[in-house]
Every structure is written in structure tokens, then in C-alpha cells.
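Participant: what would the 3D arrangement of this be:
(one chain, ligands or ions: 3)
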Amino acid sequence: MTEDTKADTPLDSGRRKFLNTAGIAGIAGAGASLGLAGCNKADDGAATAPAKADAAHAKGSVAAGQLDEYYMLSSGGHSGEARIYGVPSGRTLKRIPVFNVDPMSGWGLTNESKQILGTKADGSLKYMTGDTHHVHGSYKDGTYDGKYFWINDKINNRLARIRGDYLETDKITEIPNVQGFHGIFPDKRDPVDAAINHTTRVFCGAEFHVPLPNTPKNWQDGAHYGCLLTCVDAESMDVRWQVRIDGNMDLCATSYDGKLAALNSYNVENGLIFSDMMSAEHDACIFFNVERIEAAIKAGKTVTIGTSKVPVVDGTREANKDPKTALTCYVPVPKNPHGVNITPDGKYYVCAGKLSPTATVIEHERVLKWFAGDVKEAKECIVAEPEIGLGPLHTGFDGKGNAYTSLFLDSQVVKWNVAAAIAHYNGDKAAKVVLDRLDVHYQPGHGYASMGETKEADGKYFNSGNKFSKDRFLPVGPLHVETEQLIDISGDKMELLHDHTAHPEPHDAIIVRRDIIKTKQIYTLEDSPIHVKGFDDTGVKRDGNKVTVRIMSVAPTFTPSEFVLKKGDVVTVVLTNHDKVEDLHHGFAIEGHDVNFIVGPQETKSMTFKVERPGVFWFYCTHFCHALHLEMRGRMIVEA
Ligand code: RUQ
Ligand code: CUA
Ligand code: CA
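Facilitator: Ligands and ions are numbered 1, 2, ... in the order given. Predicted coordinates:
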């Protein structure tokens with residue numbers, strides 16, 4: 001046994017206690033009252049036998065040359081990108097630039113990507129950064145169809161779409177009148193038209209209150225502030241409508257019948273300062289009745305806010321007192337919850353307690369009944385409130401009736417049974433709710449199971465996205481390596497398979513079966529309306545000081561391999577890669593001009609820049625492509 005397979009040495013449990021104390025002190029010091037009484041804490045776990053550790057390691061590894069079973073699409077936090085890891089290996093497969101600039105692919109540099117990202121009048125990027133938290137895929141028949149993936153930008157309130165065939169960003173939409181855009185979830189089918197059994201909408205929750213419209217006038221007065229839920233069209237990516245609510249929105253889940261979107265709210269107080277956000281004993285899980293909202297939009301019961309033309313309906317409590325016409329239902333949950341997830345059978349929503357050591361289980365059918373006027377009080381939609389441990393944040397499911405919740409303060413993942421929790425809530429005190437606990441290292445945030453957000457939840461793996469790695473990897477400076485841990489959930493007991501590093505700072509992810517994602521290996525020339533058709537289509541065209549240089553690449557040459565410009569020219573290079581061989585990419589970079597991008601087989605990219613320095617400038621291929629890759633270069637000549 002090597003040093004790093006030793007689990008739970010005395011040192012290890014000591015560290016865990018330190019982290020717990022620090023975590024609780026942090027929250028308690030901030031004025032929260034933690035309802036900790038009665039919370040069962042498991043012992044620190046038994047030492048793992050070496051043979052067992054080796055077997056677990058083998059289960060979590062993928063031999064050289066073998067492929068992973070799943071794609072894990074992960075957010076990249078303040079890097080602004082998305083990432084793909086292999087499961088079970090934990091190997092990094094790809095980083096997808098989304099809201100960030102990426103020199104390798106030319107994202108944020110090429111004209112095509114700048115158009116997707118959005119530019120200012122001078123042609124420069126409107127934003128250089130983003131903060132991605134949640135990735136979700138498009139659905140058909142209750143499972144992923146592999147067509148699209150969506151990811152949010154919390155900083156600049158943008159929703160991006162990644163197309164499943166290239167696994168590249170193809171559209172970005174900015175959402176008006178919101179700040180702190182956090183939770184997203186695509187719908188799983190249409191609430192009315194049974195023939196539409198796939199995703200057509202994406203719901204986006206806003207976490208921060210802003211004055212509506214946003215002016216600094218009366219900024220002290222919270223009454224001017226509000227939060228909006230936004231519905232974006234999955235195909236056009238246009239903003240369809242918004243709903244103004246009381247409170248805020250954090251995470252989102254959608255029902256399998258398309259009828260409801262659920263968003264947890266930790267600030268029903270509409271507080272603008274920390275202590276106000278913590279003042280109420282209960283916050284809410286807010287349910288949105290999609291069919292009624294769209295009917296209200298159609299009927300024109302809308303307002304617009306500021307310069308935005310997006311229709312907004314009123315989802316506040318005051319305006320929705322009658323359940324039979326209500327657009328929204330506020331189910332009270334213990335103060336400051338985090339995360340909401342729906343069980344794969346579509347029956348229950350689980351809201352994690354965060355400050356409360358409980359999870360709140362809300363029955364879908366009862367929420368529908370509340371909207372029909374058949375359930376008196378929204379709180380009657382709650383069917384269980386199991387005590388599961390300290391700092392519950394996010395829940396994954398195995399499709400066998402069990403839930404796996406991350407416990408931030410306990411540094412654990414807890415496995416509990418949903419049916420047993422309901423039985424216990426109904427008085428069956430013998431019902432065994434908590435089935436297992438596993439220490440993770442350390443302080444997990446998001447956790448998600450393989451296919452766990454679909455009807456095809458398969459109960460194989462659970463990935464714990466830990467917020468702190470401390471001593472799990474070689475130290476690399478003050479900021480520790482980010483860590484994720486893969487857990488086998490196929491047996492009665494959870495089994496830790498391995499740690500893998502994650503580039504800072506991952507949040508949420510989804511684990512998608514590999515047969516669902518069907519990527520193309522070669523681009524289509526016609527993807528680009530300006531592609532260079534062939535040798536006859538190459539060369540230099542001048543229109544005043546605007547010059548277009550059309551180049552094609554065929555390994556290992558560029559045609560033309562030289563072009564002459566004049567100082568002051570604004571030049572657009574259009575490069576089409578005419579190679580048709582899988583994986584045969586070429587790069588294009590020019591000294592001194594910040595030009596750097598790659599083109600895949602049959603792909604076209606363009607970039608516009610100004611030439612202000614006379615001289616000879618080599619352009620060269622940056623991506624290894626051929627035995628004569630180094631020779632794949634040419635000259636840009638700028639005359640005085
Ligand atoms: S949140 S640690 Cu941005 Cu997804 Cu819960
Ligand atoms: Cu073309 Cu390297
Ligand atoms: Ca609150």
C-alpha cells in the first residue's frame with residue numbers, strides 16, 4: 001500500500017474535524033441559527049484495506065487505449081469555459097471555450113466566434129470573461145438526446161448553447177433586467193402538446209435583486225428591486241418571456257411532464273444585505289406553472305421593463321393568491337436552502353437544506369393539485385423532511401429510489417432512501433432513511449450521478465465535486481488543486497474509486513452515457529458561407545484599405561504562401577482547411593499581430609486585424625499536422 005491509498009489515518013480525521021469547525025464557525029459567525037439538534041453523524045469511517053483500495057482503483061481506471069463509459073460535461077466557474085472529463089477515468093477530454101478567450105482555437109479572436117460572443121461598436125469583444133456554473137443537456141423522452149448543452153454565465157447574465165455534434169459553442173444570449181443569473185434547466189417536454197416530447201425551452205433563474213428598471217434612483221429602497229425567471233427558446237435562443245417573483249432564485253429543476261419548473265429561493269425576504277437574507281425561518285421552493293404563464297403571455301397580461309421588449313408577467317405572491325389561476329406556487333422550505341433536483345421517476349423534488357440538516361421532499365402531483373385548488377396550503381406539498389447531515393447542498397439519484405446528497409460541513413456524501421423518508425415522515429419511525437455515508441475530501445458542493453437527471457438514471461457512478469482538496473495532491477502554491485472524487489454507487493455501500501484533479505473552478509456537471517453524444521469528426525465546408533472553394537478561389541482582394549486574403553491549407557502548405565499588403569491596411573484572413581483526414585488540424589499564427597487560431601478538416605475561420613508595421617512577417621502552422629509541419633509557413637509582407 002502506498003501512502004496515498006491510506007485512508008482515515010488519525011491525521012485525516014483530525015483535519016476533517018478542523019474543516020467542520022471552521023465551516024460551522026463561518027456560518028454561525030455570520031448570524032445564522034443552525035438547527036443542528038438530532039443530526040446523526042457517522043463515525044469517521046473504517047480504514048480501507050489495501051486489497052480493497054486496489055480493487056476500487058482498478059474499477060475506476062480505464063486502461064491505455066480503452067475508452068470511458070461516460071462523458072462528464074462540467075462547468076468551469078470563473079474560467080468561463082466548459083469541460084469534458086471521461087468517466088470513470090477522470091481524464092480531461094476537452095475544454096470548450098464559451099465565455100472566455102481561447103488562443104488555441106481562436107475563440108474570441110476569430111470573426112466567427114466574436115460574432116457569437118458579441119462585440120462593441122469598435123469590433124472588440126463586449127465581454128472578455130464569464131462565470132459558468134451549470135451545464136444541462138437537451139432532452140427527448142425524458143433522457144438526453146445529445147443535441148444541445150446549455151451553460152450559464154453568472155457575471156454577465158448570458159446563456160450559451162453548445163452544439164452536441166461539434167461540442168462547440170454556437171449561440172449566446174444575454175438576458176435583460178437580471179443579475180446573478182445562476183440556475184438553468186431545459187424543459188423535458190411540452191406541458192400541453194404531447195407530440196412535443198423534447199426540449200423547447202430553457203429556464204434561467206436570477207439570484208440577485210436589481211431595481212426594475214435598473215436606475216440608481218431610490219437604490220436604498222428594496223421595494224424597487226425584483227428578480228425575474230427567464231424562458232429562452234431552445235432553438236432560436238431568443239428570450240421568450242420573464243416572470244417577476246418574490247424572493248430570488250438559485251438552482252432549477254424541471255418536471256418530466258413539462259408542466260413545472262422549480263427553483264429554490266434563499267432570499268424570500270428580498271433582503272439586500274446579508275443579515276436580511278437570513279432573517280426568515282423559511283424560504284421557498286418556487287414552482288412555475290408553464291402552461292398558465294404562456295397563456296397569460298398570450299393574453300397580453302404583461303408589462304415590459306426598461307428598454308427590453310421581453311413580456312413580463314407577475315408571479316409575486318400578492319398577484320397569485322388564488323391557486324386556480326396562480327402562475328406560481330411558493331412551497332416553504334427551511335431557511336436558505338440550496339439546490340433542487342427531481343427524482344428520475346418524476347415524482348419528487350428534493351431541496352437541500354444548506355443551513356438546515358434536512359432535505360425537503362416535495363411531491364410533484366401535490367403541487368399540481370395545489371394549482372387545481374385541491375390542496376389547501378402549499379406546505380402540504382411536502383411529503384418528507386429527513387435529517388441527513390450538516391450542510392446538504394445537492395442531490396443525485398440512482399434510479400433505484402435512493403438519493404445521494406452532498407454534505408458540505410460534514411465532508412460527506414449521504415445515501416438515503418426517498419420512500420423510507422416519506423414513510424418516516426408519515427409516522428413509521430422504524431423506516432431506515434439513511435443507508436450509508438462516505439467521507440469525501442473535502443467539503444463537497446455539487447454531486448451528480450451517471451444519467452442521474454434523466455429517466456435512465458443507471459446507478460453506476462456518483463461524482464463528488466469537492467470545494468477543497470487541501471492535502472490530496474502535490475501543493476502547487478497557495479491555491480490548491482481542485483478535486484473531484486468518483487464513487488461507485490452500484491452496491492449497498494458507496495465505494496470511493498479515485499480522486500481526479502479539475503482545473504479551477506468547477507461547479508456542476510452532468511454524466512452522460514457515451515452512446516448519446518454523437519460527434520462529427522469532420523466539418524462541412526458549407527458550415528461557413530465564406531469558405532474558400534478551392535485553389536482558384538484563393539488570393540488577395542483589395543477595396544480601398546480593406547483587404548481580404550483568402551487562403552487554403554492542405555498539409556503541409558498554405559496557398560498562397562505569401563501576400564503583400566500596405567501599412568495601414570485592415571486585413572481579413574479567411575482560411576479554409578481543405579484536408580479531409582480526421583483530426584488533421586492546421587494552425588495559423590502571425591508574428592506581432594496577435595493572430596492565432598486553428599482550423600479543422602473542412603473548416604473555415606477568419607480574422608480581421610490592422611497592419612501598421614512595415615516588414616516581413618512569417619505566418620506559420622501552430623498545430624502539429626505533418627512530418628513537414630515546421631515547413632508549413634509563409635510570409636505576410638507589409639509595404640511602407
Ligand atoms: S451552485 S455548490 Cu453555483 Cu451550482 Cu451549488
Ligand atoms: Cu499544418 Cu502543422
Ligand atoms: Ca432567507
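
Participant: longest strand of this protein?
Facilitator: Ranked by residue count under DSSP state E, the longest strand found in the chain is strand 143-153.

Participant: next, the angle from the helix or strand just after that one to strand 143-153.
Facilitator: For strand 143-153, the following helix or strand on the C-terminal side (DSSP states H and E) is strand 158-163. Interaxial angle, strand 158-163 versus strand 143-153 (axes from the mean of the first three to the mean of the last three CA atoms, to 10 degrees): 140 degrees.

Participant: list of residues touching strand 158-163?
Facilitator: 82, 96, 98-99, 127, 130, 147-153, 168-175, 181, 184, 202, 204, 232, 237 (CB atoms under 8 Å, 6 or more residues apart in numbering). (C-beta placed from N, C-alpha, C; glycine too.)

Participant: also stretch 533-547?
Facilitator: Here stretch 533-547 makes contact (CB under 8 Å, 6+ apart) with 525, 532, 548-552, 559-560, 563-566, 568-572, 578.

Participant: buried set for that stretch?
Facilitator: Under the neighbour-count criterion of 16 or more other CB atoms under 10 Å, stretch 533-547 has 538, 547 buried.

Participant: thinking again about what came up before, in PyMOL, how would I select the buried members of the contacts of stretch 533-547?
Facilitator: Buried residues within those, by 16+ other CB under 10 Å, are selected in PyMOL with:
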select buried, resi 525+532+548+549+550+551+552+559+560+563+565+569+570+571+572+578
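
Participant: mind listing which of the contacts of stretch 533-547 are in strands?
Facilitator: Among those, the residues falling in strands (DSSP E) are 548-552, 559, 563-566, 570-572.

Participant: buried only: go through the contacts of strand 158-163 for me.
Facilitator: Buried members of the contacts of strand 158-163, counted by 16+ other CB under 10 Å: 82, 96, 98-99, 127, 130, 147-153, 168-169, 171-173, 175, 181, 184, 202, 204, 232, 237.

Participant: then the longest strand of the chain to PDB, C-alphas only?
Facilitator: Coordinates of each C-alpha in strand 143-153 appear next as PDB, following Å, rounded to 0.1, in the frame of the first residue of the first chain:
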ATOM      1  CA  THR A 143     -33.400  11.400 -21.400                       C
ATOM      2  CA  TYR A 144     -30.600  13.300 -23.100                       C
ATOM      3  CA  ASP A 145     -30.800  13.400 -26.900                       C
ATOM      4  CA  GLY A 146     -27.200  14.700 -27.300                       C
ATOM      5  CA  LYS A 147     -28.300  17.700 -29.500                       C
ATOM      6  CA  TYR A 148     -27.500  20.600 -27.300                       C
ATOM      7  CA  PHE A 149     -26.000  21.500 -23.900                       C
ATOM      8  CA  TRP A 150     -26.600  24.800 -22.200                       C
ATOM      9  CA  ILE A 151     -24.400  26.700 -19.700                       C
ATOM     10  CA  ASN A 152     -24.800  29.900 -17.800                       C
ATOM     11  CA  ASP A 153     -22.700  33.000 -17.200                       C
END
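
Participant: quick one, what contacts the residue of the stretch 251-400 of the chain found nearest ligand 1?
Facilitator: Nearest residue of the stretch 251-400 of the chain to ligand 1: residue 393, at 5.0 Å (CB to the nearest ligand atom). By CB under 8 Å, 6+ apart, the contact set of residue 393 is 338-339, 352, 354, 405-408, 444-447.

Participant: those helices in this protein, which residues are they?
Facilitator: In the chain, the segments counted as helices under DSSP state H are 10-29, 50-59, 111-117, 274-277, 290-298, 364-372, 418-425.

Participant: quick check: residue 571 vs ligand 3, distance?
Facilitator: Distance from residue 571 to ligand 3, counting by CB to the ion, to the nearest Å: 56 Å.

Participant: give the closest residue to that residue in space, chain neighbours not counted.
Facilitator: Leaving aside its sequence neighbours, residue 571 sits nearest to residue 547 (CB to CB, 6 or more residues apart in numbering; 4.6 Å).

Participant: for the one you found, name its beta-bridge partners.
Facilitator: residue 542, residue 571 (DSSP bridges).

Participant: now the one 4 residues further on
Facilitator: When bridges are assigned using DSSP bridges, the partners listed for residue 551 are residue 575.

Participant: verify the stated contact: it with residue 574.
Facilitator: Yes. Between residue 551 and residue 574 there is a contact under CB atoms under 8 Å: 6.9 Å.

Participant: right, and the helices of the chain - which one's nearest ligand 2?
Facilitator: Counting by CB to the nearest ligand atom, ligand 2 lies closest to helix 111-117 out of the helices of the chain; the figure is 19.8 Å.

Participant: show me what the closest one is packed against.
Facilitator: Taking 3 or more CB pairs under 8 Å, 6 or more residues apart in numbering; DSSP states H and E as contact, the helices and strands that helix 111-117 lies on are strand 168-174, strand 604-610.

Participant: where does pLDDT dip in the protein?
Facilitator: For the chain, the stretches flagged by pLDDT under 70 are 1-49.

Participant: near ligand 1, which residues of the stretch 301-450 of the chain are found?
Facilitator: Taking CB under 6 Å from any ligand atom as the contact definition, the stretch 301-450 of the chain meets ligand 1 at 338-339, 393-394, 445-446.

Participant: go through those residues and flag which are in strands.
Facilitator: In strands, defined here by DSSP E, the members of those are 338-339, 393-394, 445-446.

Participant: so which bits of stretch 285-297 are buried?
Facilitator: If you call a residue buried by 16+ other CB under 10 Å, then stretch 285-297 has these buried ones: 285-290, 292-294, 296-297.

Participant: swap in stretch 209-228?
Facilitator: Buried residues in stretch 209-228, counting neighbours by 16+ other CB under 10 Å, are found at 209-212, 222, 224-228.

Participant: in JSON lines, list those residues along with distance to ligand 3.
Facilitator: Putting the buried residues of stretch 209-228 into JSON lines (distance: CB to the ion, whole Å) gives the following:
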{"residue": "209", "distance to ligand 3": "12"}
{"residue": "210", "distance to ligand 3": "18"}
{"residue": "211", "distance to ligand 3": "20"}
{"residue": "212", "distance to ligand 3": "20"}
{"residue": "222", "distance to ligand 3": "14"}
{"residue": "224", "distance to ligand 3": "20"}
{"residue": "225", "distance to ligand 3": "15"}
{"residue": "226", "distance to ligand 3": "16"}
{"residue": "227", "distance to ligand 3": "13"}
{"residue": "228", "distance to ligand 3": "19"}
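
Participant: those: which two are farthest apart?
Facilitator: Maximum pairwise distance among those (CB to CB): 15.9 Å, between 222 and 228.
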